[in-house]
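> Here is my input, please return the structure:
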Amino acid sequence: MVDKRSCKLKLAARITEVRKAKGLTVHGLANEAGMEYAHLQRIEKGKINIAFTTLVVISKGLDVEPDVLLKGLKF
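Have a look, this model is predicted:
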């Protein structure tokens, strides 16, 4: 069985890791991705499940391909 909470937290941690490696704040990434700060903040805290399209929007804001955010994560 898939632990949905664990999946959200792993993806959240990866998004945060890549964002920080790019030198972006949550506000900066939200601006680059065209997202609301509060929504992105909930994503990075692992509080909400996101759609694939949202993953793509975040990856484009980070200037990486979506697979970078998923690579190596064990679900």
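> what's the longest helix in the chain?
Criterion DSSP state H: the longest helix present in the chain is helix 4-21.
> continuing past it, what's the next helix or strand?
helix 26-33 (DSSP states H and E).
> what sits up against the following helix or strand past that following helix?
Using DSSP H and E, the helix or strand that follows helix 26-33 in sequence is helix 37-44. For helix 37-44, contacts defined as Cβ atoms under 8 Å, 6 or more residues apart in numbering pick out 12, 15-16, 19, 26-27, 29-30, 33, 48, 50, 54, 58. Just so you know, the C-beta spots here come from the backbone N, C-alpha and C atoms, and that holds for glycine as well.
> how about the residues you listed in TSV, adding neighbour count?
Output for the contacts of helix 37-44, formatted as TSV (neighbours: other Cβ atoms under 10 Å):
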residue	neighbour count
12	18
15	23
16	16
19	20
26	18
27	11
29	23
30	20
33	19
48	11
50	17
54	16
58	25
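> What pLDDT does the model give the residue most central in space within the chain?
In the chain, the residue lying closest to the centroid (Cα atoms, centre = their mean) is residue 15, at 3.6 Å. As predicted, residue 15 sits at a pLDDT of 98.
> Residue 75 now?
82.
> what do you get for residue 43?
Each residue has a pLDDT score; the one for residue 43 is 98.
> got it, and residue 70?
Listed pLDDT for residue 70 reads 96.
> what about it, how many residues close to it?
By the criterion of other Cβ atoms under 10 Å, residue 70 has 14 neighbours.
> go on, residue 20?
12.
> so what's residue 18 up against?
Residues in contact with residue 18 (Cβ under 8 Å, 6+ apart) are 62, 64, 68, 69.
> Check the gap between it and residue 11 for me.
Here residue 18 is placed at a distance of 11 Å from residue 11 (Cβ to Cβ, to the nearest Å).
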